[in-house]
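Participant: Generate a structure from the sequence data that follows.
(one chain, ligands or ions: 1)
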Amino acid sequence: MKFNIIKIPRLASTNSYMQEQIKKKALQEGDVVRALFQDKGKGQGGNNWESEYGKNLLFSMILEPKTIDASQQFILTQLVSLALLEEIKEFLVSFNIDVKIKWPNDIYVDNKKIAGMLFQNSIKGNKIDYSIVGIGVNINQLKFLSSAPNPISIIHFTKKLTDIDMFLNKLLSKIGKEYDKVTIHQNKELLKERYVNSLFRFNSWHNYSDSEGIFYGKIIDIDEYGRLIVLKNTGKQKVYMHKEIGFDFS
Ligand code: BTN
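Facilitator: I've put the predicted structure just below:
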């Protein structure tokens with residue numbers, strides 16, 4: 001997979017921009033749109049994504065994974081999360097900290113969020129027609145003003161500026177490799193195993209909340225649709241979709 005980076009200083013949102021351009025048939029697979037600033041950066045669940053001008057990595061890309069069925073779209077989440085995890089780990093390797101994927105697609109350093117993703121998949125029949133993958137990585141921003149509960153940046157650890165273009169190029173190369181592995185070689189089992197083993201709080205007991213209240217539980221797996229499987233201390237297993245389970249940080 002080859003990527004083509006288009007840099008635009010200021011946009012409402014790279015995801016929204018891509019969506020508009022795709023409708024005009026002005027973009028194709030592998031195109032990447034990077035902005036230095038977003039007026040309406042979109043986070044998950046309708047939240048705003050905060051980023052100071054030029055300080056962080058904000059981009060979206062378009063993938064057209066013809067060999068992935070719509071029911072398997074979580075494969076995209078797994079492969080992009082793993083590539084981003086590896087890239088961030090490379091920058092933080094000397095700091096003796098845990099870098100993990102907080103299910104389904106946040107990257108956490110210890111208990112703090114360093115990166116997030118927003119997938120907008122367009123489905124035709126039982127296939128993914130295209131996917132817009134928006135990624136925000138906190139790199140050189142020291143202070144966050146919004147009410148986002150726990151943001152952190154690479155600079156908090158390295159204490160020096162990171163070259164964002166270099167970060168993006170290396171990240172795209174990792175995403176490309178993961179993408180080819182899955183779409184060409186179809187190695188889906190191994191991908192799932194690597195993803196599950198990289199999950200924040202995997203296989204250890206913590207407090208969570210769901211529609212029944214607060215409980216003590218252990219993340220033990222994901223199912224074929226990417227839903228989270230949690231063992232409750234009552235001995236019962238439950239399967240969660242995104243936003244159906246909350247992680248307790250107190
Ligand atoms: C999240 O809430 O964790 C998802 C954050 C995704 C933010 C990125 S920044 C680049 C792209 N454009 C957007 O408007 N959102 C994504």
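
Participant: where do the helices sit along this structure?
Facilitator: Across the chain, reading from the start of the chain, the helices by DSSP state H fall at 14-23, 74-92, 155-158, 164-185, 188-197.

Participant: which of the ones you listed is buried the deepest?
Facilitator: Per residue and on average, the most neighbours among the helices of the chain fall to helix 74-92, with a mean of 21 (mean count of other Cβ atoms under 10 Å). Using the backbone N, CA and C atoms, a C-beta is placed for each residue, glycine as well.

Participant: can the helices of the chain go into TSV with extra columns for distance to Ser51 and mean pLDDT?
Facilitator: Supplementary listing: these in TSV, determined by distance: least, Cβ to Cβ, whole Å; pLDDT from 0 to 100:
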stretch	distance to Ser51	mean pLDDT
helix 14-23	11	97
helix 74-92	16	98
helix 155-158	13	97
helix 164-185	11	94
helix 188-197	26	96
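
Participant: Format these as TSV; extra columns: distance to Asn111.
Facilitator: TSV is the format used below for the helices of the chain (distance: least, Cβ to Cβ, whole Å):
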stretch	distance to Asn111
helix 14-23	27
helix 74-92	15
helix 155-158	13
helix 164-185	23
helix 188-197	19
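
Participant: Which of these sits closest to the ligand?
Facilitator: Using Cβ to the nearest ligand atom as the criterion, the shortest distance between the ligand and the helices of the chain is 4.1 Å, found for helix 14-23.

Participant: Mind checking if that closest one is in reach of the ligand?
Facilitator: Yes. Helix 14-23 reaches the ligand (Cβ under 6 Å from any ligand atom) through Thr14, Asn15.

Participant: Check the offset of that helix from the chain's centre.
Facilitator: Its chain's average C-alpha position is 19 Å from that of helix 14-23, according to Cα atoms, centre = their mean, to the nearest Å.

Participant: Quick one: residues in contact with that helix.
Facilitator: Helix 14-23 is touched from outside by 8, 11, 27, 31, 33-35, 38, 40, 42, 58-62, 118, 120, 130, 132, 134, with contacts defined as Cβ atoms under 8 Å, 6 or more residues apart in numbering.

Participant: So which of those reach the ligand?
Facilitator: Subset of the contacts of helix 14-23 in contact with the ligand: Gln38, Lys42, Leu58, Phe59, Ser60, Leu118, Gly134, counting by Cβ under 6 Å from any ligand atom.

Participant: Who is the fifth one paired with across the strands?
Facilitator: It refers to Ser60. When assigned by DSSP bridges, Ser60 has beta-bridge partners Val33, Gly134.

Participant: quick one: contacts for it?
Facilitator: Residues in contact with Ser60, defined by Cβ under 8 Å, 6+ apart, are Thr14, Asn15, Tyr17, Met18, Val32, Val33, Ile132, Val133, Gly134, Ile135.

Participant: try 10 Å this time
Facilitator: Shown in contact with Ser60 (Cβ atoms under 10 Å, 6 or more residues apart in numbering): 11, 13-19, 27, 31-35, 42, 117-118, 120, 132-136.

Participant: so where do the strands sit in this structure?
Facilitator: Listed in chain order, the strands of the chain (DSSP state E) span 4-11, 31-38, 57-63, 99-102, 106-109, 112-124, 127-137, 205-210, 213-222, 228-232, 237-240, 246-247.
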